[in-house]
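>>> Could you look at this predicted model? Sequence included:
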Amino acid sequence: MTAKSVPAIAAACVSCRQCALHSICLAGHLPLEEARALELSLERGRALPAGAALVRCGALMDALIVVRSGSAKSHSVTLEGLEQVHGFVLPGEPVGLEGFGAGVYTCDVTALEPLEYCRMPMRGLEALIERLPGLRRELLRLLGQALDESQRLRGQLGVSDARSRVACFLADLSQRLARRGLPSTEFRLSMSRRDIAHHLGLTLETVSRSLSAFKREGWLQVRARNVKVLRPQVLAALGSSI
C-alpha cells in the first residue's frame, strides 16, 4: 500500500513483460503479439506526488491509465458538498474506466501516496481495439468487473451493518494485495479512516469503533495506519455475510 510496497522501476528500461505486475496488468492477459503491440503505444513510468490529481472529473478522457506503484482514491463531491469515495486503486489496476461511456472522466482520482503509472493515449488505444480481439475482450472483462464491484458496494451499503462493511473492506483489500504478491496480512493503510468511512457510507467514529472492536476480539492488531490481520478467516466470514 505504500510507495515502497512495489519496487520502483525505471520505466524507460523495463518492458511490460519485465514488470513485476505483468501477470495482473492489462498486457499480461493478452496474447504475446497483442501485448507487444500494446507496449509500443504505452507511456510508462510517469510519477505523481501524494495529493496530486491523476485525473479530474469532467476532463476529456484522453488516456487509459494503470497504476504501477503506490495507490490512489477515486472520489467526487455530492450536491450537498460531501465527499464520496468510490474506491481505491492499487498497483496493476486501471483508472477511469467509467469514462468510456461519456468520453470524460466521471470522478477525481487523487494519489494517496507517491505513485507511478502507465498511460495509454486514447487515439492509440482505439486503433488497437479495432484490430486486436484479445484487447477488446480484456477491456470488456475490466468493464464488467468494475460494474460488478460497483453493484456489490451498493448492495453492501444497503443491507449490511457497520462491522460487516469494515470487515468486508479489509478482507477485500487483503485479497487484492495477495493477488499482487504483496503482504496481505500485514500492511499499512494508505487511505485515512475518513476515506474508508466515506467509501463505506459510515462515519469516521463508526469505522474507528469497528477497528477497535476487531482489535479487542483478537482479529487484528492496529497501530495508527499499520494493520496486522490475525484472523483472516473470521474477517472474511463476517464480510461474506453481507
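That came through, no problem.
>>> Walk me through the domains of this protein.
As assigned by automatic domain parsing, the chain contains the domains 11-150, 160-240.
>>> possible to save the ones you listed as a markdown table with mean neighbour count and mean pLDDT?
Glycine gets a C-beta too; all of them are placed from N, C-alpha and C. What follows is the domains of the chain, written out as a markdown table (neighbours: other C-beta atoms under 10 Å; pLDDT from 0 to 100):
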| stretch | mean neighbour count | mean pLDDT |
| --- | --- | --- |
| domain 11-150 | 17 | 83 |
| domain 160-240 | 17 | 92 |
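>>> State the distance from the most centrally placed residue in the chain to L48.
Nearest to the mean C-alpha position of the chain, counting by C-alpha atoms, centre = their mean, stands V89 at 1.9 Å. Note on V89: its distance to L48, by C-beta to C-beta, to the nearest Å, is 12 Å.
>>> follow-up on the earlier one: need the contact list for the residue nearest to the centre of the chain.
The neighbourhood of V89, defined by C-beta atoms under 8 Å, 6 or more residues apart in numbering, consists of 67, 71-74, 95, 109.
>>> In helices only, show me these.
The members of the contacts of V89 all map outside helices under DSSP state H.
>>> Now render those residues as TSV, adding distance to R194.
Formatted as TSV, the contacts of V89 follow (distance: C-beta to C-beta, whole Å):
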residue	distance to R194
V67	21
S71	16
A72	16
K73	11
S74	15
V95	21
V109	17
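>>> Restricted to strands, list these.
Using DSSP state E, 67, 72-74, 95, 109 are the members of the contacts of V89 that sit in strands.
>>> Of the residues you listed, which is the nearest to V166?
Closest approach to V166 among the ones in strands among the contacts of V89 (C-beta to C-beta): K73, at 16.8 Å.
>>> Test my guess that the closest one contacts V85.
Yes. K73 is within contact range of V85, at 5.6 Å (criterion: C-beta atoms under 8 Å).
>>> Look up how far R180 lies from R209.
30 Å.
>>> pull the longest helix from the chain.
Under DSSP H, the chain gives helix 133-159 as its longest helix.
>>> from the chain's centre, how far out does it sit?
13 Å (C-alpha atoms, centre = their mean, to the nearest Å).
>>> next one: stretch 220-227
20 Å.
>>> for stretch 207-214, same thing?
That offset, for stretch 207-214, works out to 23 Å (C-alpha atoms, centre = their mean).
>>> Show me the contact partners of it.
Contacts of stretch 207-214 (C-beta under 8 Å, 6+ apart): 162-163, 165-167, 193, 196-197, 200, 220, 222, 235.
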